[in-house]
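[1] no FASTA, just this:
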C-alpha cells in the first residue's frame, strides 16, 4: 500500500527580491500580458516541484502545487486540510521558505523542505519537521515510509541517483499561461572543475542523461497542453559529455519531427562548443537543427590570469580568442549568446574594470549576466577563503545584488561593489547595449517559425514597448534594426519578421536591465561600510595588530590554542595560532617568491619549504600571534596537515604564477 493521506500541498515560495537578473520582473510587469490573477507572468515554473507532484500523486487523495510568485491568494486557506506541506526552493528564496514554513507549522501541518537552499546550517532546521539536502529522489521513498510508520528522520542527505530515477515533471500541475517559458532537465552533472562552482559537489561530475522516453513524454505533454513557447533546458552543462550530447540532440530532432513542432530551446553549456574538433562541429550543426535559439555560456572574464586562478581551463583552449569563439558559435548555430561574467577574482583590479567593459562591448552579445564573485558552500573557493580568513558572510545566491561575501585581494569590498555598478552602467547604457544588439541581429538566424503568442498579444506588446518608459531609446534604434533585417531578408518574409521580433524582445529586456542597474545604484548609495570594508586583503594583512585574545587554550600545544586577532581596521581573524600565522603568511609569500625567483613548477618538498619560510617570517614580524609557542612545530604542521590538503601543490603553484604575472618580472616557462 503506497499511502493513505488526504492531501499534499507543494509550495514554491516567493523570491526574497524580485530584482534579479533572471526574474525579468520589470520587463514582464511593463510589457507582458497578465497571468490568471492579473499579476505579471513569471519567467519559469518550479521544475523540481513539478517532478515531485507527479511522484506524490499515488500517495495522496489530492496533490496541490502553489507557486507563490504567481498566486496571490492567502496561503493559510490553501493549506487547509493538508497532511503534509512540501516546500522547495533555492537560497535566493530563503526568507520566503522561512515565512511559509512558519505559517504551515502554525496551521498544524507536517513540513518537509528541500531544494538547493538546504544545508546542515540551514535556519529551517528549527522550523521544518524534515529537511532534504541535494537530490531528493535518493531519499523520498525512505521519507514517505518514515512518515507512514512514525520514524521519519529530521534530516535526509540526498545523493546522485541513476537517471531512470529522476523525477518526471507533470506540467498539468500548473496553468502554463502564468509563465513566459517552460523548463525541462535532460542531464545532470558537470565534469569541469571551476573553483567557484558548486555543481560538481551537489550533482556530481558524472554526466547523467534522462531516459529518452521520459524526455519524449515531457515534450509530448507540453504539446498536448498547447505550449508553443520557449523551453529552457536547465542542464548544468549540456555538452558535459559531447557524444551523449550529440545523441541527445539527434533524439530531440526526432521528437520534434514526431510531435510536429520543434519548440525553441535554450540551455547552459561551456565554450568547449567552439573547439575546432569534428565532434564539436557536428554538435554546432545539430544545435541549429533542433532549434536552440540561444544558450548561456560561462565566459566569466577576459582576464586570463583570473581564468587560470579559478581553473576555468575550458575557456583557455585553442587558438581563438573568446570573442572569436562567441562569434563562431553564432555563425554556425544561428543562435544568440547569453554571457555569464564575474568580477572580483584575485587577479582582478580597479584597472581591469575598463578592460572588462570593453571586452563585453566588443562582442555581439546583448544580454550579459554580470555578478560579483561569491563563495558558495561546497566549493573549492569557499574552502580556500575560509582557510585564508577572508570569508565574511554566506552568499545570498542572487548574483546580481551587488554584494561580495569575502574581502577581495586587490580592492576593498566597497570598491568592488562600486566597480560592479560601473560595469553595469558601462554595458547597459543605450549606445553600448544597442550596438551589441545590432551585431547580434547581423548573425541571428532561425530555421523555424516561432508560433508563440497570438498576433494580438504580440501587437499589444509592441505597442507597449514603443509607447513605454524607454520609447525614445527604442524608436532611435528601430530604423537600424529594420535596415539590418531588410538587408538580410526580403521585407515581406517570415525571416524579416523574426529579426524584428528579436529586436523588440531585446528592447523589452533592456528595460529590465536599465531599471535593475539604477535600483542597484540607489541601494549602494544607502549602504554603510565599516572601516574594515574599505581595505583590500593585501592592505589588510599589512595593518598593525591592536589586540590578540586567547579564546581557548590547548593542553597539547600552544600553537593549537584558539585566538582572535584584531587589526587596526577593526577586522578580526580567528583560529588556532598556527592557522592565523598561515593567514598572514600570504603577505610575506610574495616577497619570498620574487626575491628567490621561485617558479610555478616547484615540487611538493619545495612548496613545503616555501610555506614554512613564509610562516616563520610572520612569526618574526608578528610575534603577538605566536605568544610563547614552540616554533619547531610549524614544520611538522605544514608537512603533516597542510601539504595533505586536496590540491595543495596546485593551489600554491597558481599563487606563484599569479605573483609572477602581477609583477611581470619573469618569463613564463
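    Cool, the structure landed. This is a predicted model, so every value here is computed, not measured. Residues are numbered from 1 along each chain as shown.
[2] hey, let's count contacts and neighbours off CA atoms from now on
    Fine.
[3] Tell me how the protein divides into domains.
    Listed domain ranges for the chain are 5-164, 181-524, 542-663 (source: automatic domain parsing).
[4] For residue 536, find the nearest of the ones you listed.
    domain 181-524 (4.1 Å; Cα to Cα).
[5] shaky segments in the protein?
    1-3, 449-454, 490-492, 664-669 (pLDDT under 70).
[6] buried stuff in the lengthiest helix in it?
    The longest helix of the chain (DSSP state H) is helix 494-526. The neighbour-count check on helix 494-526 (16 or more other Cα atoms under 10 Å) flags 495-500, 502-504, 506-514, 516-517, 520-521, 524 as buried.
[7] rewinding a little: quick one: which of the domains of the chain is nearest residue 170?
    Taking Cα to Cα, domain 5-164 is the member of the domains of the chain nearest to residue 170, at 5.4 Å.
[8] Quick one: distance of the closest one to the chain centre.
    When C-alpha coordinates are averaged (Cα atoms, centre = their mean, to the nearest Å), domain 5-164 and its chain have centres 20 Å apart.
[9] what about the longest helix of the chain, distance to the chain center?
    With Cα atoms, centre = their mean, you get 20 Å for helix 494-526.
[10] Please apply the same query to stretch 651-665.
    Centroid separation for stretch 651-665 versus its chain: 27 Å, with Cα atoms, centre = their mean.
[11] Columns distance to residue 174 on top of the domains of the chain, output as TSV?
    Below are the domains of the chain laid out as TSV (distance: least, Cα to Cα, whole Å):
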stretch	distance to residue 174
domain 5-164	7
domain 181-524	11
domain 542-663	45
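[12] nearest to residue 173, of those domains?
    Comparing the domains of the chain under Cα to Cα, the one sitting nearest is domain 5-164, at 6.4 Å.
[13] can you give me the end-to-end distance of the closest one?
    The straight-line separation of the ends of domain 5-164 (Cα to Cα, to the nearest Å) is 26 Å.
[14] Over to stretch 68-87?
    Stretch 68-87: ends 11 Å apart by Cα to Cα.
[15] list the buried ones in that stretch?
    Across stretch 68-87, burial judged by 16+ other Cα under 10 Å covers 68-71, 79, 82-87.
[16] Going by neighbour count, list what's buried in stretch 128-148.
    For stretch 128-148, by 16+ other Cα under 10 Å, it's 128-140, 143-144, 147.
[17] Now, those residues that are in helices?
    Per DSSP H, those map to helices at 140, 143-144, 147.
[18] so what's the nearest residue to residue 155 once chain neighbours are set aside up against?
    Excluding the flanking residues, the one nearest residue 155 by Cα to Cα, 6 or more residues apart in numbering is residue 131, at 4.8 Å. Residue 131 is in contact with 112-114, 118, 124-125, 154-156, counting by Cα atoms under 8 Å, 6 or more residues apart in numbering.
[19] mind running it again at 6 Å?
    Counting by Cα atoms under 6 Å, 6 or more residues apart in numbering, residue 131 touches 112-114, 155.
[20] so how far is residue 55 from it?
    Taking Cα to Cα, one finds residue 131 at 18 Å from residue 55.
[21] separation between residue 127 and residue 99?
    Distance from residue 127 to residue 99, by Cα to Cα: 10 Å.
[22] which of these two has more neighbours?
    More crowded of residue 127 and residue 99, by other Cα atoms under 10 Å: residue 127, with 18 against 14.
[23] Can you pull the phi/psi pair for the more buried one?
    phi -120, psi -60 (degrees, to the nearest 10).
[24] And it, how far from residue 13?
    On the measure of Cα to Cα, residue 127 and residue 13 end up 15 Å apart.
[25] again, but for residue 227
    Note on residue 227: its distance to residue 13, by Cα to Cα, is 24 Å.
[26] between these two, which one's more packed in?
    Legend: neighbour count by other Cα under 10 Å for residue 227 and residue 13, higher for residue 13 (24 against 20).
[27] residue contacts, the more buried one?
    By Cα under 6 Å, 6+ apart, residue 13 lies in contact with 68, 96-97.
[28] so which strand or helix has the closest residue to residue 331 other than its chain neighbours?
    Excluding the flanking residues, the one nearest residue 331 by Cα to Cα, 6+ apart is residue 443, at 6.1 Å. Residue 443 belongs to no helix or strand when assigned by DSSP states H and E.
[29] What ranges does the stretch 401-550 of the chain have for its strands?
    545-552 (DSSP state E, counting those that start in this stretch).
[30] Show me what counts as buried in stretch 640-655.
    Buried residues in stretch 640-655, defined by neighbour count with 16+ other Cα under 10 Å: 642-643, 649, 652-655.
[31] In helices only, show me these.
    If you go by DSSP H, the buried residues of stretch 640-655 have 649, 652-655 in helices.
[32] Is residue 10 in a helix, a strand, or coil?
    Here residue 10 is recorded as strand under DSSP: H, G, I helix; E, B strand; the rest coil.
[33] likewise residue 298?
    Classification of residue 298 using three-state DSSP returns strand.
[34] that older thread, distance to residue 198 added to the ones in helices among the buried residues of stretch 128-148, as JSON lines?
    Listed next are those as JSON lines, based on distance: Cα to Cα, whole Å:
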{"residue": "140", "distance to residue 198": "23"}
{"residue": "143", "distance to residue 198": "25"}
{"residue": "144", "distance to residue 198": "28"}
{"residue": "147", "distance to residue 198": "31"}
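[35] and the residue nearest to residue 155, bridged to which residues?
    residue 113, residue 155 (DSSP bridges).
[36] 25 is where my numbering starts, stick with that
    I'll keep to 25 as the first residue from here, and by that count the last item is residue 155.
[37] what does the helix or strand containing residue 618 contact?
    Assigned by DSSP H and E, residue 618 falls within helix 601-619. Applying Cα under 6 Å, 6+ apart, the contact partners of helix 601-619 are 412, 583-585, 638-639, 642.
[38] Next, check the residues you listed against the helices and list the overlap.
    Per DSSP H, the subset of the contacts of helix 601-619 in helices is 412, 638-639, 642.
[39] what about residue 553, how many neighbours?
    Other residues near residue 553 number 11, with proximity taken as other Cα under 10 Å.
[40] Also residue 358?
    23.
[41] Wait, it touches residue 469, no?
    Yes. Counting by Cα atoms under 6 Å, residue 358 does reach residue 469; the two are 4.5 Å apart.
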